[in-house]
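1. starting from these lines, generate the structure:
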Amino acid sequence: MNIQLRKLCHARSGDKGDTANIGLIALKPEYYPIIQREITAARVQKHFEGVVFGAVERFELPNLGALNFLLHEALGGGGTKSLKNDAQGKTLSAALLRMEIDINDNITL
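-> Sure thing, here's the model as predicted:
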């Protein structure tokens, strides 16, 4: 089954300088193993190709059912330097939620 992450998670994003931060939080505890398995730093880097020019780091927060991603060199220098429309990265969480993944798990959406 091919689905968008928005069916499994909600997300929040923000910034610190030229680094965007995206928290991806499972909507149900049984969804966390799926996002933990499927949403790698490499996959997020590919999803944001042309937007993120530095490394992508992933941090696991299993007690919260969440993953946190740092997207380096993603904001054109940051809020006060950037000419980007979204220099604080607020829309990046919505963009990540549109990533599609193929899952074979037996889950109820």
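2. so which residues of the protein form strands?
-> Secondary structure of the chain by DSSP state E: the strands cover 2-4, 9-16, 19-26, 56-61, 66-71, 100-102.
3. need those strands in TSV (columns: mean pLDDT, mean neighbour count and distance to L109).
-> Glycine gets a C-beta too; all of them are placed from N, C-alpha and C. Shown next, in TSV, are the strands of the chain (pLDDT from 0 to 100; neighbours: other C-beta atoms under 10 Å; distance: least, C-beta to C-beta, whole Å):
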stretch	mean pLDDT	mean neighbour count	distance to L109
strand 2-4	92	12	7
strand 9-16	88	18	12
strand 19-26	94	22	12
strand 56-61	97	15	23
strand 66-71	96	22	19
strand 100-102	92	12	13
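4. can you redo the ones you listed as CSV with distance to A42?
-> Formatted as CSV, the strands of the chain follow (distance: least, C-beta to C-beta, whole Å):
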stretch, distance to A42
strand 2-4, 19
strand 9-16, 18
strand 19-26, 15
strand 56-61, 8
strand 66-71, 11
strand 100-102, 14
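5. quick one: closest of those strands to S93.
-> Across the strands of the chain, the minimum distance to S93, taken as C-beta to C-beta, is reached by strand 9-16, at 3.6 Å.
6. tell me which strands and helices that closest one is in contact with?
-> Using 3 or more C-beta pairs under 8 Å, 6 or more residues apart in numbering; DSSP states H and E, the elements in contact with strand 9-16 are strand 19-26, helix 92-97.
7. to N104, which of these lies closest?
-> With C-beta to C-beta as the measure, strand 19-26 is the member of these nearest N104 (17.5 Å).
8. just the angle between that closest one and strand 9-16, please?
-> Here the directions of strand 19-26 and strand 9-16 differ by 160 degrees (axes from the mean of the first three to the mean of the last three C-alpha atoms, to 10 degrees).
9. what angle sits between strand 19-26 and strand 66-71?
-> Orientation check (the same axes, to 10 degrees): strand 19-26 against strand 66-71 gives 160 degrees.
10. strands paired with strand 19-26, and their directions?
-> Strand 19-26 pairs in its sheet with strand 9-16 (antiparallel), strand 66-71 (antiparallel), by DSSP bridges.
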